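Undergrad: I need the structure of the sequence given here:
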Amino acid sequence: QVIERDLGAPVDSIFSSFSPPIAAASIAQVHRAELAGADGAVRPVAVKVLRPGVRGRFARDLGTFYAGARLVERLDPAMRRLRPVAVVDTIARSISMEMDLRLEAAALSEMAERTRGDSGFRVPEVDWQHTSRDVLTLEWIDGIKLSDPAAIEAAGHDRRRIARQLMQAFLRHAVRDGFFHADMHQGNLFVDAAGDVVAVDFGIM
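TA: Sure, this is the predicted structure:
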């Protein structure tokens with residue numbers, strides 16, 4: 001229903017196949033799907049879909065956070081120096097941005113542009129035609145998660161080289177560009193067949 005509402009057509013008329021959820025996080029879940037091109041060629045994609053009702057749940061939680069922050073400031077004036085309400089403001093802004101998948105798509109596109117000439121690191125390509133506020137469609141990444149070092153080694157990759165590539169990539173992004181993936185844990189990082197590090201989940205930049 002979310003996909004049909006946002007993309008304007010039923011799932012089975014957009015995608016030639018669409019899997020049950022294969023990954024899930026706090027605000028969204030990911031499906032593997034296939035898109036048929038005009039030439040008949042089929043390409044696999046990852047489709048990230050915002051969970052129904054998640055905005056309402058976050059709004060209720062933030063209301064509780066604000067009430068708690070104001071109460072703390074009122075009951076203990078010394079706590080005002082820690083600015084609890086301002087902290088909740090920051091959380092609210094961050095959540096608002098993370099729940100618009102167009103912003104994640106834009107971050108991905110910007111990261112792709114900035115790292116185009118870099119070796120050993122890449123990001124998935126965005127399918128803008130099938131991306132909206134609540135739906136993000138990306139190139140499907142076939143790779144091994146960094147959380148599985150035994151599989152990385154079994155595939156013939158040099159783990160030390162991959163670790164060096166990852167650290168150098170992060171430092172380039174942070175120091176050279178001032179724009180970096182801020183949720184770069186091993187569940188969001190893959191090694192592809194070429195031995196390149198591929199990052200996913202650009203909700204926090």
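
Undergrad: And residue 101, how close does it get to residue 174?
TA: Distance, residue 101 to residue 174, by C-beta to C-beta, to the nearest Å: 24 Å. (Glycine included, C-beta is placed from N, CA and C.)

Undergrad: who has more neighbours, those two?
TA: Neighbours around residue 101 and residue 174, counted as other C-beta atoms under 10 Å, are more numerous at residue 101. The numbers are 23 against 13.

Undergrad: Helix, strand, or coil at the nearest residue to the more buried one once chain neighbours are set aside?
TA: In space, residue 101 comes closest to residue 136 once its chain neighbours are excluded; the distance is 4.0 Å by C-beta to C-beta, 6 or more residues apart in numbering. Put simply, residue 136 is strand when judged by DSSP: H, G, I helix; E, B strand; the rest coil.

Undergrad: tell me the centre residue of this protein?
TA: Centroid-nearest residue in the chain, with C-alpha atoms, centre = their mean: residue 201, separated by 1.9 Å.

Undergrad: Tally up the residues packed near the residue nearest to residue 101, please.
TA: The local packing of residue 136 (other C-beta under 10 Å) involves 28 other residues.

Undergrad: beta partners for it?
TA: Taking DSSP bridges as the rule, residue 136 bridges to residue 48.

Undergrad: repeat for residue 23
TA: Taking DSSP bridges as the rule, residue 23 bridges to residue 30.

Undergrad: Identify the residues contacting residue 16.
TA: Contacts of residue 16 were listed using C-beta atoms under 8 Å, 6 or more residues apart in numbering, and they are 33, 34, 35, 36, 42.

Undergrad: Checking the second one next. Helix, strand or coil?
TA: Spelled out, that is residue 34. With three-state DSSP as the basis, residue 34 sits in strand.

Undergrad: is it true that it touches residue 41?
TA: No: look at residue 34 against residue 41 with C-beta atoms under 8 Å: they stay out of range, at 10.2 Å.

Undergrad: Ramachandran coordinates for the residue nearest to the centre of the chain?
TA: When read as degrees, to the nearest 10, the backbone of residue 201 gives phi 60, psi 80.

Undergrad: Likewise for residue 179?
TA: Torsion angles, degrees, to the nearest 10, at residue 179: phi -150, psi 110.

Undergrad: now do residue 183
TA: Dihedral angles of residue 183 (phi, psi; degrees, to the nearest 10) stand at phi -140, psi 50.

Undergrad: Show me which helix runs longest in this structure.
TA: helix 54-75 (DSSP state H).

Undergrad: could you say what helices and strands that one packs with?
TA: Helix 54-75 makes packing contacts with helix 84-98 when contacts are defined by 3 or more C-beta pairs under 8 Å, 6 or more residues apart in numbering; DSSP states H and E.

Undergrad: tilt between the helix or strand that the helix it packs on is followed by and helix 84-98?
TA: Per DSSP states H and E, the first helix or strand lying C-terminal to helix 84-98 is helix 101-114. Computed by axes from the mean of the first three to the mean of the last three C-alpha atoms, to 10 degrees, the angle separating helix 101-114 from helix 84-98 equals 80 degrees.

Undergrad: which helices and strands sit right next to helix 101-114?
TA: With contacts taken as 3+ C-beta pairs under 8 Å, 6+ apart, helix 101-114 sits against strand 42-50, strand 135-139.
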